[in-house]
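Peer 1: Show me the folded form of this:
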Amino acid sequence: MATRSQFFVGVALFLLVPGLGLTAFAQPKSPPEVVRVIPVWNFTLAKGNSVLLTLQGSNFIFVSSVEMVQADAPLKVATTTPLNRTPGLKVALTGVRTPTTLGILLEAPFSAPDGLYFLRIWAGGEPFDVPQEVFKVKVIWERPQIRDCVPRQASIGSVVTVRGKHFGDPAQPGKTQVLGYLRQPGELARKAPFELVSLSPTEAKVRIPDNAVFARWDVVTPGGPAWDFPVVNFDPLYVRTFPPSLFQPDGTLGFLHFSDSQFIYADGPQNSAFFPSSAMRAVGFEDRYLFTFPPYEKRVDFLIGSTKIRVRLNGANRLNPSESLGSTTLGLVVDGTALKVDIKFESQGTEFVGEYETQDIFSKKITWHRFLDVNIDNLSLTAVLTPVFFTAQDIRIQSVAVSSSFVPGFVVLDTNFSVDQTPIKDFIKGEVEASMRNYLLSDNFRLAFLPIFARQVQALFQGSPRINWIDVGRADDGGMKLVGSTRTVR
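Peer 2: Numbering: from 1, shown residues only. The predicted model follows:
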């Protein structure tokens with residue numbers, strides 16, 4: 001501890017301090033002495049942080065102020081108290097004072113120069129330096145640490161909050177960089193600073209730029225890059241939409257003229273057909289897709305004794321409206337997470353007939369006898385296709401749900417039969433729905449339709465980094481919202 005030659009008890013020493021006027025100092029009998037500092041005496045203090053300390057020693061009653069002096073700064077002779085100086089490392093008395101204890105608060109502002117500091121105590125207008133072997137502190141820029149990001153996923157252009165500590169000086173945001181990764185089409189990913197919207201020592205708000213990819217955050221300050229642990233990743237999302245009218249005449253895929261296609265049901269094996277529009281045929285659909293409806297000679301699940309019953313379409317000529325069931329309107333819209341197909345049918349005359357089987361005892365010949373006419377009015381089919389997107393190139397049909405509605409009319413031609421209408425109606429309903437579902441799940445439809453749809457998805461994400469996963473939701477306009485991610489694992 002530095003000493004002075006003479007001290008006089010109770011003598012008031014008056015000094016004229018520039019800017020402060022006449023100041024009185026109580027002159028101590030003996031100089032203040034620090035023998036220990038608790039809880040720590042030799043430590044590192046990061047800029048932006050503070051610490052409370054207690055000095056233990058003697059003769060603290062007459063201490064008027066304290067200051068921290070940079071040990072490795074050019075030597076200057078202390079001629080005045082620190083009241084009119086701009087300190088580097090701030091220190092203040094806390095009000096805790098006895099003859100043997102003195103409380104101080106250290107604060108390291110971001111403007112404080114890096115380096116080693118020691119404590120200078122002022123008493124009686126005189127400075128007393130505490131030896132560095134008793135107390136010293138080193139001021140540094142601490143390395144930042146990232147703890148979280150809110151949210152962990154956000155669309156391009158959004159502002160997210162990176163949280164942690166030691167993010168730098170809010171008054172000097174140019175000294176802090178928050179870095180993510182960018183990948184231009186055809187290039188490798190590279191680390192780059194994102195736009196810093198606002199900064200505090202514990203939070204950085206950044207805007208997500210275009211071409212950002214899934215990666216870990218990094219923060220760089222004058223203290224260096226962020227610690228490697230914990231790892232906080234961020235998933236930038238590329239949001240695109242398909243409007244409900246995608247397949248309508250004014251939509252992007254309106255050129256397919258899907259509404260010009262037609263389904264026709266007729267009796268007989270491979271005699272029912274779907275006829276794509278000429279525009280669909282021009283882009284890869286076949287001229288026609290044939291199937292059997294209903295499965296020929298499939299029994300209806302009701303018997304009269306041991307008699308076998310079947311229900312079939314009235315005729316085998318699919319070009320004749322009186323013998324077939326043809327679609328009159330056909331629509332395809334984007335409905336949230338699915339594609340919705342609406343089909344309405346109409347025909348002339350009797351659509352279905354019910355027949356029972358007889359077999360000649362001797363010849364074993366089977367004969368079918370018509371005993372029932374069934375009229376189907378206002379037949380409507382709705383098919384909901386739910387796609388799943390593995391990538392913008394790999395799209396599959398996850399499921400197809402088909403529902404139907406119609407009003408049946410029954411005319412019994414053979415009074416020997418008491419007809420239960422419910423199983424016949426359920427049979428027709430089930431077969432109509434199954435035939436549509438089977439076609440939409442078939443390779444014939446999938447291999448023709450999905451490449452066309454996939455090209456539209458790829459066009460939506462053109463210019464973006466490679467999209468590895470796409471989640472689907474409902475857009476605000478009722479269309480399909482596609483949320484693309486560059487992460488490699490879902």
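Peer 1: Quickly find the element holding residue 438.
Peer 2: helix 421-441 (DSSP states H and E).
Peer 1: Go through that helix and flag the buried ones.
Peer 2: Residues of helix 421-441 classed as buried: 424-425, 427-429, 431-433, 435-437, 439-440 (neighbour count, 16 or more other Cβ atoms under 10 Å). C-beta here means a position set from N, CA and C on the backbone, and glycine is covered the same way.
Peer 1: For that helix, which outside residues touch it?
Peer 2: Surrounding helix 421-441, the residues in contact under the criterion Cβ atoms under 8 Å, 6 or more residues apart in numbering are 263, 265, 272, 274, 289, 291, 293-295, 298, 300-302, 311, 341, 343, 352, 354, 372, 374, 376, 379, 381, 383, 385, 397, 400-404, 406, 408, 410, 445.
Peer 1: Just the C-alphas of that helix, formatted as PDB.
Peer 2: As requested, the backbone C-alpha atoms of helix 421-441 are provided in PDB (Å, rounded to 0.1, in the frame of the first residue of the first chain):
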ATOM      1  CA  GLN A 421     -83.200 -52.200 -51.100                       C
ATOM      2  CA  THR A 422     -80.400 -51.400 -48.600                       C
ATOM      3  CA  PRO A 423     -77.800 -53.900 -49.700                       C
ATOM      4  CA  ILE A 424     -78.400 -53.100 -53.400                       C
ATOM      5  CA  LYS A 425     -78.000 -49.400 -52.800                       C
ATOM      6  CA  ASP A 426     -74.900 -50.100 -50.700                       C
ATOM      7  CA  PHE A 427     -73.500 -52.300 -53.400                       C
ATOM      8  CA  ILE A 428     -73.900 -49.700 -56.100                       C
ATOM      9  CA  LYS A 429     -72.500 -47.000 -53.900                       C
ATOM     10  CA  GLY A 430     -69.500 -49.100 -52.900                       C
ATOM     11  CA  GLU A 431     -68.700 -50.100 -56.500                       C
ATOM     12  CA  VAL A 432     -69.000 -46.600 -57.900                       C
ATOM     13  CA  GLU A 433     -66.700 -45.300 -55.200                       C
ATOM     14  CA  ALA A 434     -64.200 -48.200 -55.500                       C
ATOM     15  CA  SER A 435     -63.900 -47.900 -59.300                       C
ATOM     16  CA  MET A 436     -63.000 -44.200 -59.000                       C
ATOM     17  CA  ARG A 437     -60.600 -44.800 -56.100                       C
ATOM     18  CA  ASN A 438     -58.900 -47.700 -57.900                       C
ATOM     19  CA  TYR A 439     -58.300 -45.600 -61.000                       C
ATOM     20  CA  LEU A 440     -56.900 -42.600 -59.100                       C
ATOM     21  CA  LEU A 441     -54.500 -45.000 -57.300                       C
END
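Peer 1: to the chain's geometric centre, what's the distance from it?
Peer 2: Distance of helix 421-441 from its chain centroid, counting by Cα atoms, centre = their mean, to the nearest Å, is 40 Å.
Peer 1: What mean pLDDT does that helix get?
Peer 2: For helix 421-441, mean pLDDT rounds to 90.
Peer 1: And the next helix or strand past that helix?
Peer 2: Counting by DSSP H and E, the element after helix 421-441 in chain order, helix or strand, is helix 443-460.
Peer 1: could you give the angle of that following helix to helix 421-441?
Peer 2: Comparing the axes of helix 443-460 and helix 421-441 via axes from the mean of the first three to the mean of the last three Cα atoms, to 10 degrees yields an angle of 50 degrees.
Peer 1: Which elements pack onto helix 443-460?
Peer 2: strand 233-242, strand 395-412 (3 or more Cβ pairs under 8 Å, 6 or more residues apart in numbering; DSSP states H and E).
Peer 1: Just name the most buried of the ones you listed.
Peer 2: Per-stretch averages of neighbours, counted by mean count of other Cβ atoms under 10 Å, single out strand 233-242 among those, with a mean of 20.
Peer 1: Give me the contacts around that one.
Peer 2: Here strand 233-242 makes contact (Cβ under 8 Å, 6+ apart) with 149, 152-156, 160, 180, 208, 212-217, 334, 456, 460-461, 464, 467, 475, 477, 479-487.
Peer 1: Direction included, what does it pair against?
Peer 2: Partner strands and pairing direction for strand 233-242 (DSSP bridges) are strand 153-155 (parallel), strand 215-216 (antiparallel), strand 480-485 (antiparallel).
Peer 1: Please name whichever of these is nearest to residue 253.
Peer 2: Using Cβ to Cβ as the criterion, the shortest distance between residue 253 and the strands paired with strand 233-242 is 12.5 Å, found for strand 480-485.
Peer 1: I'd say residue 417 and residue 372 touch.
Peer 2: Yes. Residue 417 is in contact with residue 372 according to Cβ atoms under 8 Å; the separation is 7.4 Å.
Peer 1: Which pLDDT value goes with the spatially most central residue of the chain?
Peer 2: Closest residue to the average C-alpha location of the chain: residue 153 at 3.5 Å, with Cα atoms, centre = their mean. Note for residue 153: predicted pLDDT of 96.
Peer 1: and residue 174, helix, strand or coil?
Peer 2: For residue 174, the reduced secondary structure class is helix; criterion used: DSSP: H, G, I helix; E, B strand; the rest coil.
Peer 1: Residue 320 versus that one, what's the distance?
Peer 2: 81 Å (Cβ to Cβ, to the nearest Å).
Peer 1: what's the nearest residue to residue 50 once chain neighbours are set aside in contact with, if anything?
Peer 2: Nearest residue to residue 50, sequence neighbours excluded (Cβ to Cβ, 6 or more residues apart in numbering): residue 107, at 4.2 Å. For residue 107, the contacting residues are 49, 50, 89, 90, 91, 92, by Cβ under 8 Å, 6+ apart.
Peer 1: Narrow those to those in strands?
Peer 2: Within the contacts of residue 107, membership in strands is found for 50, 90, 91, 92, as judged by DSSP state E.
Peer 1: Looking at residue 417 and residue 372, which is more packed in?
Peer 2: residue 372 (21 against 15; other Cβ atoms under 10 Å).
Peer 1: so who does the more buried one touch?
Peer 2: Residue 372 makes contact with 311, 353, 354, 355, 410, 411, 412, 413, 414, 417, 419, 424, according to Cβ under 8 Å, 6+ apart.
Peer 1: run the last query once more with 6 Å
Peer 2: The contact partners of residue 372, by Cβ atoms under 6 Å, 6 or more residues apart in numbering, come to 354, 412, 419.
Peer 1: Look up how far residue 467 lies from the second one.
Peer 2: Yep, that's residue 412 we're talking about. 60 Å.
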